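Enquirer: sequence below, structure please.
(one chain, ligands or ions: 1)
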Amino acid sequence: MQIKDVAVLGSGIMGHGIAEVAAIAGYKVNLYDLNDDILSKAIVRIKDSLSRLEKSGKIKEGQGTEVIGNIRCYTDIKSAVSNVDLVIEAVPEVLQLKMDIFRQLDQLCSPHTILTTNTSGLSITLIGSKTARRDKIIGTHFFNPVVIMRLVEIICGMETSPETLKTIEEFCRSIGKDTVVCKKDRHGFITTRLIAAQRVEAFRILEEGIATIEDIDKAVRLAFNHPMGPFELADFNGVDTGLRVLEDLQAVYGDRYRPPQFLKHMVECNYLGRKAGKGFYQY
Ligand code: NAD
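Expert: Reported below is the predicted structural model:
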């Protein structure tokens, strides 16, 4: 099957980036979110990113306008998804929300449409369990910032068909991404389990009073050559998203992923990281 038209649900940190890379590759993209204000902010972010790509020569001068022309914004889910070949869901990391959306999508989309989720760690099979197209449900885990990060981690659900996997691998290649495949649907896949393990250990080092946030970040940057330390990355990805991911991993794998109490308090008090202007650092 050849993908031509794509819908991206949720235009936040991840959704706007996924829409942007698909539109750069020439796909027509329907971008859906809850209201026009949120969508306008997403379009501003995409335009800013495109102008940076033009300046650095990664896309041709003037190509940004053409790319923006490939994106249409919707606040009505039915209009956004009824004529597309592929839906990529990037709404918050809340299982019930994702399950409800997939149940709706199953009713609204054409029978051939593949439904993917950008979940950071939830079960793909469970997210798609209320649909009658479990062979066409698959995980596509993009990384932040989508326009720069090369990997898409593909996760097969328990009933994902080989055709769906092949189509998604080809789609990812067509938007300039490299892929790895998780053959089994297990919470946290490869990348989220690895990064979460580092993050909870960093939280423990902080709680034990061994070093400051700044020095733990510096240690990881300079010792391991990671571009960001664990606290910088937590702010970059959203402290709320990080908390939900750890809670899900803890529920499955036990206390090795237990989030510290201070993380819950930060989320309650809106210290959500860069998107809120404050988190472990001030922005
Ligand atoms: P975000 O909070 O930045 O964006 C979520 C968007 O979804 C918002 O624009 C919000 O308005 C919208 N939304 C909320 N409810 C909705 C609904 N019912 N229908 C449509 N849109 C709705 O979150 P994010 O960081 O972009 O995360 C999205 C998904 O991507 C999550 O599953 C997250 O775990 C995953 N993810 C995040 C990162 C990261 O670095 N932030 C990386 C990889 C994967």
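Enquirer: distance check, Leu86 against the ligand.
Expert: 16 Å (Cβ to the nearest ligand atom, to the nearest Å). Placement of C-beta: from N, CA and C, glycine included.
Enquirer: next one: Pro259
Expert: Relative to the ligand, and taking Cβ to the nearest ligand atom, Pro259 is found at 14 Å.
Enquirer: tell me which other helices or strands the helix or strand containing Glu201 touches.
Expert: Taking DSSP states H and E as the definition, Glu201 sits inside helix 191-207. For helix 191-207, the packing partners by 3 or more Cβ pairs under 8 Å, 6 or more residues apart in numbering; DSSP states H and E come out as helix 213-224, helix 230-237, helix 239-253, helix 261-268.
Enquirer: what does the stretch 51-200 of the chain have sitting close to the ligand?
Expert: Residues of the stretch 51-200 of the chain lying near the ligand by Cβ under 6 Å from any ligand atom: Ala90, Val91, Pro92, Glu93, Leu97, Asn118, Thr119, Ser120, His141, Phe142, Phe143, Asn144.
Enquirer: go again with 5 Å.
Expert: Ala90, Val91, Glu93, Asn118, Thr119, Ser120, Asn144 (Cβ under 5 Å from any ligand atom).
Enquirer: list buried residues within those.
Expert: For these, a burial check counting by 16 or more other Cβ atoms under 10 Å picks out Ala90, Val91, Glu93, Asn118, Thr119, Ser120.
Enquirer: grab the nearest non-local neighbour of the closest residue to the ligand within the chain.
Expert: The nearest approach of the chain to the ligand comes at Gly12, 1.9 Å away (Cβ to the nearest ligand atom). With Cβ to Cβ, 6 or more residues apart in numbering as the criterion, Gly12 has its nearest non-adjacent residue at 6.9 Å, and that residue is Ala90.
Enquirer: my guess is the one you found contacts Leu9. True?
Expert: Yes. Assessed by Cβ atoms under 8 Å, Ala90 is found in contact with Leu9 at 6.3 Å.
Enquirer: what about stretch 271-283, average pLDDT?
Expert: For stretch 271-283, the mean per-residue pLDDT is 97.
Enquirer: that one: how far from the chain's middle?
Expert: 19 Å (Cα atoms, centre = their mean, to the nearest Å).
Enquirer: between the two ends of that stretch, what distance do you get?
Expert: 11 Å (Cα to Cα, to the nearest Å).
Enquirer: picking that back up, could you say which of the helices and strands packed on helix 191-207 is packed most deeply?
Expert: helix 230-237 (a mean of 23; mean count of other Cβ atoms under 10 Å).
Enquirer: contacts only, for Leu233.
Expert: Contacts for Leu233 were tallied using Cβ atoms under 8 Å, 6 or more residues apart in numbering; they are Ile195, Arg199.
Enquirer: tell me the backbone dihedrals of Cys73, please.
Expert: phi -100, psi 140 (degrees, to the nearest 10).
Enquirer: what about it, neighbour count?
Expert: Other residues within reach of Cys73, judged by other Cβ atoms under 10 Å, total 18.
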